[in-house]
Every structure is written in C-alpha cells, then in structure tokens.
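S.K.: quick one, what's the 3D model for this:
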Amino acid sequence: MIRFVTAGRLRRLEEEAEQARTRMRAVQAQAAAAWCRHVREVWDLTVRAETAESDAAILRGHVEEYQERVRLLAAELAAAEEAGLSLVLLLHWGEPHSIHASRECAFAYAATQDAPIDGWVPSDGRVHAEVAWQVLAFTRDESVMGLCRLPVRSPQDREGAA
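M.R.: Sure, this is the predicted structure:
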C-alpha cells in the first residue's frame, strides 16, 4: 500500500515532532533539576549525619569523663561515710552559699567573705534568714534517698551562726 503525504500533513507532522522535542527538553530539564535537588539533599543529609556522629562521639567522651568523675566522687563519699564524716552547708542570710568538707573549711571560707572569725555561736533556733552566716552539717541518708541534716551538736562543737 502506498500512501501519499501532502505538504500540509508533512508540516503538521514536523510541528508535532518539534512540539514533542520541546516537551522532551522540558521534561529532561525537570528531571535534571529534580536530580540536582536529590543530590543536594543527599549531600546535606550526609553532612548533617557526619556532624551528628562527630557530636555524639564528643558527647560520649564527656559522658565517660563524667561517669568516671561520679564514680570517684561516689567512692570518696563512701569513704567519708565509713569514716563518719559529713559535709557542711554554708548559709548566708538563709540562702545556700557553698558546700565544704568540714566546719573548719566553712569557717575559713566565710572569713574570706568578711564573716567574723570568732563570732560563731551555737544555733539558737532563729529563722535562717535572720542570721548572716550559718553552717549546717548534713550527710547522705539512704532511707530518704537523699541528704539529711545531722543533729545539732553541743555548743562546744562551734556549729552555729555568726
């Protein structure tokens, strides 16, 4: 079978072919843009993952350091508890100021803060906020899973207020 193609039909076929080529170039451009976006997103995610892994490694190092420090402090606390030692909380006008290993250390530190060296007297039951400087001994109490204040000692022990 022989088919004749007229000039008009040939022109329409050429126009359709050109439209198809134009459409193909547009689709290829869209595909290339989508590919570039995909590659850029993969790159960004890779950088973020590597940064997160690096940060996690650094944080793991910090956690290990702190765990070791906590272990050493727990051992030190256990040794102090076995020896019957306690810690001392230094209060300034009723607010916690610092924690010290002994009353003598607390007194010495308070002296650097202009507290009177020889003005320490036994606690007399006044409200903590009414006293400039005061020391409170405390120790760890497993029954309450925390710290508890030790009982008030005799006036000769110099625990009290200044």
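S.K.: how is this structure partitioned into domains?
M.R.: 1-84, 86-161 (automatic domain parsing).
S.K.: as CSV, these with mean pLDDT would be great.
M.R.: What follows is those, written out as CSV (pLDDT from 0 to 100):
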stretch, mean pLDDT
domain 1-84, 91
domain 86-161, 70
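S.K.: most tightly surrounded among those?
M.R.: For these, average neighbour numbers computed from mean count of other C-beta atoms under 10 Å are highest in domain 86-161, which has a mean of 14. In this view, the C-beta of every residue, glycine as well, is placed from N, C-alpha and C.
S.K.: and the residue nearest the centre of the chain, which helix or strand is it part of?
M.R.: Within the chain, one residue has its C-alpha closest to the average C-alpha position: by C-alpha atoms, centre = their mean, that is Leu59, at 9.8 Å. When secondary structure is defined by DSSP states H and E, Leu59 falls within helix 7-82.
S.K.: which helices and strands does that helix pack with?
M.R.: Helix 7-82 makes packing contacts with strand 133-141 when contacts are defined by 3 or more C-beta pairs under 8 Å, 6 or more residues apart in numbering; DSSP states H and E.
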